[in-house]
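# Attaching a predicted model along with its sequence, questions to come.
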Amino acid sequence: MKNPARSSFSAVAGVLALTLALALTANSGQAKGMPGDPDKLFAQLDTLLPTPGVTRAASGAPGAQYWQQRADYRIRVSLDEKRHRLTAKQSITYMNRSPDTLSYIWLQLDQNIFKDDSISRRSEVAANSGTRRDSVGSGDSLSFAAMRRHQAFEDREYGYEMGEVRDAAGRVLRTTVNDTMMRIDLPTPLRPGTSIEINFEWAANIVDEAAIGARGGYEYFPKNDTYQYFLAQWFPRLVAYTDYTGWQHKQFLGRGEFTLEFGDYDVELTVPADHVVASTGVLQNPAEVLTAQQRARLKQAETAKKPVFVVTPEEALANEKEGTSTTRTWRFKAENVRDFAWASSRKYIWDAMGYRQKDAQRPFVMAMSFYPNEGEPIWSKYSTHAVMHTMEVYSRFSFPYPYPVAISVNSWERGGMEYPMITFNGYRPTADEKSGKLTYSRNTKYGLIGVIIHEVGHIYFPMTVNSDERQWTWMDEGLNTFLEYIAELEWEQNFPTFGDKTNVLDFITDYMQSKDQVPIMTNSDTIVQFGPNAYSKPAAALSVLREAVMGRELFDHAFREYANRWKFKRPTPADFFRTMEDASGVDLDWFWRGWFYGTDHVDVAVGDIREYQVSTQDPDVEFPLKRKEFAADWPESYSQRLNRSEGRPTRVDRYPELKDFYNENDAFVATNKDRNEFKEFREKLRDWERTVLDRSIKAGEYVYFVDFRNLGGLVTPLPLTLTYADGSTEEYPIPAEIWRYNAVEVTKLFVRKKRLVSVELDRNHLIADADKTNNVTPRRIEQSRIELFKGRDRDRNQMLDALAELKGEPKSSEKTDAKDLPLQPAAK
Ligand SMILES: [Zn+2]
């Protein structure tokens, strides 16, 4: 039988009569002491947010006296391929635009994280002693990769070898290194509005990325004994000095990313002469490093309808075969960037395609991809398209792509990393060991497209909207994952963004119910369950905000306002929270509180539904209905029925003279007194009251009281689907403010002319409700398939196993003849 719906609805199916009455109780004052602390859940965030001021306005916009520092860089660096080593000369011009006088400045020495005595390495716990993509897990266990990493650190010294730091006049400045930071004491304090130039030389060994796990390094290709280098956090950079925290003094522990200043870069990269270089910035000397043919192809790519090879797969294959001892210098300039990264290899295929956008300042951008033949055929097919697609979608939600180039480099196994104008991305096909045949998994295909969208998306957030990554991972990863998700669904309707799930809200519920959670508003380096906390949960939150709380029009306007207010500036969480409210006119403090400062999950159960029709109060109409109702509620007992079936006549049956008025008239027979009272009741009604009553009765209105219980704790809007007896449905979204008096249980009143048969919550999966089984009244039976399984005998039969044939040549220690084995335990 497959109709559970009716039977479990029986509790509400009977039509109850509802007597209209004067309201004697008001709703006011119920919040005091009510469960779920609604007064706290809906309280404004004022006490949690920094006080607005002249640098950051209460609206969430940069304040009238907003300021940020600036650092311009000139770097000449050489890549020594034999020793995997960089040596460089660097100068930085630091401009103090703050209102403060600085007696020292700090540099970030990120490569020092790889030193044996770094805080990061010394504070590693056993469970994270593997590489980034290979954490060891719980219990006493050690992976091959973790042991390889340990050995790689034994084999070489890492970290910066710093030369003397001098000012423009050549004076040596006093420096103090503290882990991944270095303080430079200034001979004269740097007053507001002034700048200082510092010059120094440095060298650093490049890490083997696969062995050590880093955001940059080199990759070895054993098949042709050559390398690619992708260099990130490779040079000393200014520590950010801000209006909200002064010098960002949180050391680089490996996870919390980078807090950086904008500036112009002029960088000369000296690499083996047969290398192709991909870099942040615009190439300044194409005539010196590119062939005439490559330059012609680049020109052709500007207006091409599909990506054009600047270096073809065949040319790259030929190029990677030889090596060279000569070098060539590529010079790049980049304006107004917060970082600089590059990649170099003789293995690169290079393709390019021009991207045009509606922007007077930057109507043209060159999208480019660099990858070894190992990435084919999927890299030439997808990479540059994914770069262009990202710019198309992200620009709609923020601003036109702000830089002249957008680059994707294939440099990782999986995963990716972002820098201004350039991104490093993973995923390659797999070559079969025997046949060499190339295949790739579904995960590789969508992983590749997804990671490129994600990393190129980071060029908007946080490379342009320069949030503080060292402190708040969600501000770049969360916002970016949200837009990545939108872009992926615009790439392909059913893009499998979240494992096997397309909807981030279906993906996030397991995490939100899990133990060991910390709020999204947690410092990057102390987040547990990093991925879901800083990536998917904020993306889910923004999705709820856009589709269920604000609606697309209000959300998109406010989000665009945030992006434009803070592009090339440094927003904090408060600036985001405030701007989203300021530009939409929606009070979202309850939302930030629940989703960003809390760890509750969404789970609302639809409870009982009680159905009524309004009573006429006419005894001749109502009493017969009451009789029916009474009979339904209090049926004849089982004993009474058995007594009747036994056929024994009662005394009253036997002596009919015992019957009187009450045997003829039950309690539901109307009397004249009842009728008089009814008349009196009608007469006493005011005209409008009589109209209300008669209209409701004439229309046959149904009145429903629907209970909702908040089991998850997070207050949420309730997008309802009401289904009527005639098969029609009504979408009825209830705003989260319904919980403002009582955040645990509420009852909603519906008056409808049609009979309701079910109420369903979140049919369209808009609010991340964790338990869908309690989302509908009447309840549905959950249907699925069950697989039978076989019990397995785990007993180790050593005698039988000894009879197995040995594969390959036996070593002397291996006994292969079962007869040699004692069949009885050896005698003592
Ligand atoms: Zn990211």
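On my side now, so go ahead.
# make it CA atoms for all contacts and neighbour counts henceforth
OK.
# Spit out the contact partners of the spatially closest residue to Q44 that is not a sequence neighbour.
Once flanking residues are discounted, Q44 sits nearest to D589: 5.5 Å by C-alpha to C-alpha, 6 or more residues apart in numbering. D589 is in contact with 42-45, counting by C-alpha atoms under 8 Å, 6 or more residues apart in numbering.
# Is D575 in a helix, a strand, or coil?
Assigned by DSSP: H, G, I helix; E, B strand; the rest coil, the conformation of D575 is helix.
# Can you give the contact residues for the host helix or strand of Q90?
Q90 is part of strand 85-95 when elements are defined by DSSP states H and E. Outside of strand 85-95, the residues within contact range by C-alpha under 8 Å, 6+ apart are 69-80, 193-206.
# if we can go back for a sec, show me the contacts of D589 that map onto strands.
Secondary structure of the contacts of D589 is defined by DSSP state E; no position falls in strands.
# any idea which of those is closest to Y511?
Closest approach to Y511 among the contacts of D589 (C-alpha to C-alpha): F42, at 24.1 Å.
# which of the contacts of strand 85-95 are buried?
Among the contacts of strand 85-95, the ones that count as buried by 16 or more other C-alpha atoms under 10 Å are 69-80, 197-206.
# Looking at those, which are in strands?
70-80, 197-205.
# remind me which residues of this protein are low pLDDT?
Along the chain, the model assigns pLDDT under 70 to residues 1-36, 128-139, 812-828.
# ok so, going back, a markdown table for the contacts of D589, including distance to A316 and neighbour count?
Below are those laid out as a markdown table (distance: C-alpha to C-alpha, whole Å; neighbours: other C-alpha atoms under 10 Å):
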| residue | distance to A316 | neighbour count |
| --- | --- | --- |
| F42 | 61 | 22 |
| A43 | 62 | 14 |
| Q44 | 60 | 16 |
| L45 | 57 | 18 |
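# Switch those residues over to CSV; also include distance to K445.
Shown next, in CSV, are the contacts of D589 (distance: C-alpha to C-alpha, whole Å):
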residue, distance to K445
F42, 44
A43, 46
Q44, 45
L45, 43
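# any idea which of the residues you listed is closest to N410?
Closest approach between those and N410, by C-alpha to C-alpha: L45, at 43.4 Å.
# Pull up the gap between the closest one and L588, please.
Distance of L45 to L588, computed by C-alpha to C-alpha, to the nearest Å: 9 Å.
# Nearest the middle, which residue of this protein would you pick?
In the chain, the residue lying closest to the centroid (C-alpha atoms, centre = their mean) is S536, at 2.1 Å.
# quick one: that one and N764, what's the gap?
Going from S536 to N764 by C-alpha to C-alpha gives 19 Å.
# And for S118?
Here S118 is placed at a distance of 49 Å from N764 (C-alpha to C-alpha).
# again with D37
In this view, D37 and N764 are 29 Å apart by C-alpha to C-alpha.
# can you pull the buried residues of stretch 282-295?
Buried positions in stretch 282-295, judged by neighbour count with 16+ other C-alpha under 10 Å: 282-283, 289, 294.
# contacting residues around that stretch?
By C-alpha under 8 Å, 6+ apart, the surrounding residues in contact with stretch 282-295 are 310-311, 328-334, 404-405.
# Of the residues you listed, which is the most crowded?
V310 (25 neighbours; other C-alpha atoms under 10 Å).
# is it true that that residue touches A352?
Yes. The pair V310 and A352 passes the contact test of C-alpha atoms under 8 Å, sitting 6.9 Å apart.
# what residues are shared contacts of those two?
Common contact partners of V310 and A352 (C-alpha under 8 Å, 6+ apart): L298.
# V606 contacts F708, doesn't it?
Yes. If you go by C-alpha under 8 Å, V606 and F708 touch, sitting 4.8 Å apart.
# Which one's more surrounded, the two?
Using other C-alpha under 10 Å, the more surrounded residue of V606 and F708 is V606, with 24 against 21.
# one step back: export the contacts of stretch 282-295 to TSV and append columns for distance to M366.
Shown next, in TSV, are the contacts of stretch 282-295 (distance: C-alpha to C-alpha, whole Å):
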residue	distance to M366
V310	12
V311	15
R328	23
T329	22
W330	18
R331	18
F332	15
K333	15
A334	14
P404	6
V405	5
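# thinking again about what came up before, now the phi/psi pair for the residue nearest to Q44, please.
Dihedral angles of D589 (phi, psi; degrees, to the nearest 10) stand at phi -60, psi -40.
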